[in-house]
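> please find the sequence and the predicted model below.
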Amino acid sequence: MLAATAARTGRAQPCPSPSRQALARQKRALLELGAVLTSPGRARAWTRKTLRVWQLGGLAEDAETIIGELAANAVQASADLNQPVIRFVLAFNDRELAILVADGNPELPHVQHPAGDAESGRGLLMVAALSDRYGWCPLEGGTTGKAVWAVLRARRMHPATSPLASPPQALALPDEQIGIR
């Protein structure tokens, strides 16, 4: 099944689910939380701490914002589920930080275009603005739900040393752990 993704242009495009080259990531971290109102804040703090340990503080601000927005969406999407669990994954290689949030609601996310005075509805617009690419895909193995992911290139952290001449590696997440197709 194809997943939807949005390039920086904001247009939805069909694309395959994240690659199964999960083990190519040099660093990975996984966190599971219940779908409660405190989860976005806990996910942001976990992201900040993980990136500090990985010495990737330059990516922390954008990564925290992205994971907070995706976590808030996952909490809202999981509100009516029995035993709601949200999984958070951070994966880094020399070029990219992948951020993934998986929940048990199969309804795919859609970008909203709220009125100027609306108090919500801008989460995916923020993710699109901050990330180099993002998308979503259904979970596999008979598991109901979806995973929403975003990628930040390491060039944001070290512009002078980043290999800008070569294209970024394909998104590779630990799908065997979260059930991504």
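Received it, and whenever you're ready, just let me know what you need. Numbers count the residues shown, from 1 in each chain.

> any regions of the protein where pLDDT drops low?
Applying pLDDT under 70 to the chain flags the ranges 1-25, 110, 112-122, 155-181.

> what about the strands in it?
Along the chain, the segments classed as strands by DSSP state E run 3-6, 12-15, 27-34, 85-92, 96-103, 133-138, 146-153.

> next up, the contacts around the closest residue to Leu33 other than its chain neighbours.
Leaving aside its chain neighbours, Leu33 sits nearest to Ser39 (4.4 Å; criterion: CB to CB, 6 or more residues apart in numbering). Every residue, glycine included, has its C-beta placed from N, CA and C. Applying CB atoms under 8 Å, 6 or more residues apart in numbering to Ser39 gives the contacts 33, 71, 74-75, 86.

> what's the span of stretch 76-83 from first residue to last?
Using CA to CA, to the nearest Å, the end-to-end distance of stretch 76-83 comes out at 14 Å.

> tell me the most buried of the strands of the chain?
Among the strands of the chain, strand 96-103 has the highest mean neighbour count (mean count of other CB atoms under 10 Å), at a mean of 26.

> for Leu100, give its distance to Val127.
12 Å (CB to CB, to the nearest Å).

> give me the number of residues near Val55?
Check again: residue 55 is Gln, not Val. Neighbour count for Gln55, taken as other CB atoms under 10 Å: 8.

> so who does it touch?
The contact partners of Gln55, by CB under 8 Å, 6+ apart, come to none.
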